[in-house]
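Colleague: I'd like to go over a predicted model; first the sequence, then the structure.
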Number of protein chains: 2
Amino acid sequence: MDDDRIADIVGQWGRERPDLDPTPLLIIGRIQQLAAVLDVALRPPFAAADLGNGDFDVLAALRREGEPYTLTAGQLSQRMLVTTGAVTKRVDRLIARGLVSRSVSAADARGRVVGLTSTGVALTDRLIEEHLANEAAILRGLTDSDRRTLERLLAAMNRTLASGDFEPEGGGHDG
Amino acid sequence: MDDDRIADIVGQWGRERPDLDPTPLLIIGRIQQLAAVLDVALRPPFAAADLGNGDFDVLAALRREGEPYTLTAGQLSQRMLVTTGAVTKRVDRLIARGLVSRSVSAADARGRVVGLTSTGVALTDRLIEEHLANEAAILRGLTDSDRRTLERLLAAMNRTLASGDFEPEGGGHDG
DNA sequence: GCGAATTGTCTTCCACGGAAGACAACTTAT
DNA sequence: ATAAGTTGTCTTCCGTGGAAGACAATTCGC
């Protein structure tokens, strides 16, 4: 099989543009490919429950928050890194399924409090087990030491990106 | 700042479901988050050229293939890991921009050969430089040794996923 | 208290990609 | 040569999420 698509790509660039260094793709390209493949690999339990991966994000965010399993739309938007518009639609779908409820906040009548129904808690508790088991299976090929190393390096990349001070092309965000 | 969203999530799960091991998220969750953040961080050069990230994928695939910078729709579909329908649409957009052309294959009249125009080559050559510079900047926080380690571990994960023999939940693909 | 600015959510419109089927062209067996 | 099956691409329909604006409720200054 074409067992390393990214290495091939790097090879092609090396031939066509020897003036450039394509090796960053060995990391960044692989991360992007991994994310795409992971989405597919981890989908089955959610698909079986007729849920989009994004919809499960809502359930998981509420469930891990602990009792009473509630968050406002804005809080969900922050935790899931999607816009509030996407939150509205995800919640709409889940309400249609009877997995969450939406009510007006007591503290601020603009706010909508989204909460897991008991059905929602039960489904989420079941799905998260399968989900984590699948994730564990995917990591089976790595030793404990490899895992710790990988965690550290990925966290380091996340920090670099979060700090935002990497953009070489003009985009100086001020400061 | 909430400098480690994933660590927080793992902490929440550990509190709510102490019977489960949420640590796979430290790797898999971070990869997914990184991919999302990378897409945003790497978009500016493409956005400036009025290109979607996916559209640049087409240009890059053709360019790194070398002269005469041509691939069929099917080949593009394989290299970009998207359906042929997506290829059709990406190519349509790029044709409208004058960056690629589409013609009937001489060898097989069903096949469509997509090729870079000279404008397309020029734009791609410019964008790939910016793009790789941005990727290099993102990796600036890692030592050479860290990079090699990260490449190795990501490649290992890719292999596990590609081989497909990880799915614990029933999904035995036969064999 | 009242009006202006702000905040939180929802709505509308749009872009993108997947799935499944349509269609044309190729291959093979006879 | 012809019919049946296969292959390569495009088309249609749908689902999902972003961006920008609408709207209601809150806060702040006076």
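Modeller: Perfect, thanks for sending it.
Colleague: Residue numbers of chain A in contact with DNA strand C?
Modeller: Listed as neighbours of DNA strand C in chain A under the rule C-beta under 7 Å from any atom of the strand: A:72-75, A:77, A:84-85, A:87-89, A:91, A:102, A:105, A:108, A:110-112. Every residue, glycine included, has its C-beta placed from N, CA and C.
Colleague: Restricted to strands, list the residues you listed.
Modeller: Cross-referencing these against strands under DSSP state E gives A:Thr72, A:Arg102, A:Arg112.
Colleague: between the residues you listed, which is closest to B:Ser145?
Modeller: Of all these, the one with the least separation from B:Ser145 (C-beta to C-beta) is A:Thr72, at 44.7 Å.
Colleague: ok, the closest residue to the closest one other than its chain neighbours - contacts?
Modeller: What sits nearest to A:Thr72 in space, not counting adjacent residues and going by C-beta to C-beta, 6 or more residues apart in numbering or on different chains, is A:Gly111, at 4.8 Å. Going by C-beta atoms under 8 Å, 6 or more residues apart in numbering or on different chains, A:Gly111 touches A:Thr72, A:Ala73, A:Gly74, A:Val104, A:Ser105.
Colleague: Now do the same for A:Gly111: its pLDDT.
Modeller: Listed pLDDT for A:Gly111 reads 87.
Colleague: what's around A:Arg63, how many residues?
Modeller: 22 (other C-beta atoms under 10 Å in any protein chain shown).
Colleague: Distance of it relative to DNA strand D?
Modeller: 18 Å (C-beta to the nearest atom of the strand, to the nearest Å).
Colleague: Which one of the residues in chain A is closest to DNA strand C?
Modeller: Closest to DNA strand C within chain A is A:Gly74: 2.3 Å, counting by C-beta to the nearest atom of the strand.
Colleague: what pLDDT does the nearest residue to that residue once chain neighbours are set aside get?
Modeller: Distances taken as C-beta to C-beta, 6+ apart place A:Thr84 nearest to A:Gly74, at 6.5 Å, with adjacent residues excluded. On pLDDT, A:Thr84 comes in at 93.
Colleague: Let me know whether A:Thr84 touches A:Ser77 as I believe.
Modeller: Yes - with contacts counted by C-beta atoms under 8 Å, A:Thr84 reaches A:Ser77, the gap being 4.7 Å.
Colleague: So which of these two has more stuff around it?
Modeller: More neighbours surround A:Ser77 than the other of A:Thr84 and A:Ser77, with 18 against 12 (other C-beta under 10 Å).
Colleague: In the contacts of A:Gly111, find the pair that's most separated.
Modeller: Distances among the contacts of A:Gly111 were taken as C-beta to C-beta; the most separated pair is A:Gly74 and A:Val104, at 13.8 Å.
Colleague: on that earlier part again, now for the residue nearest to A:Gly74: which residues touch it?
Modeller: A:Ala73, A:Gly74, A:Ser77.
Colleague: If we use 10 Å, what do you get?
Modeller: When contacts are counted by C-beta atoms under 10 Å, 6 or more residues apart in numbering or on different chains, A:Thr84 is found next to A:Thr72, A:Ala73, A:Gly74, A:Leu76, A:Ser77, A:Gln78.
Colleague: quick check: angle from the helix or strand encompassing A:Ile31 to helix B:24-42?
Modeller: Using DSSP states H and E, A:Ile31 sits in helix A:24-42. Going by axes from the mean of the first three to the mean of the last three C-alpha atoms, to 10 degrees, helix A:24-42 is angled at 120 degrees with respect to helix B:24-42.
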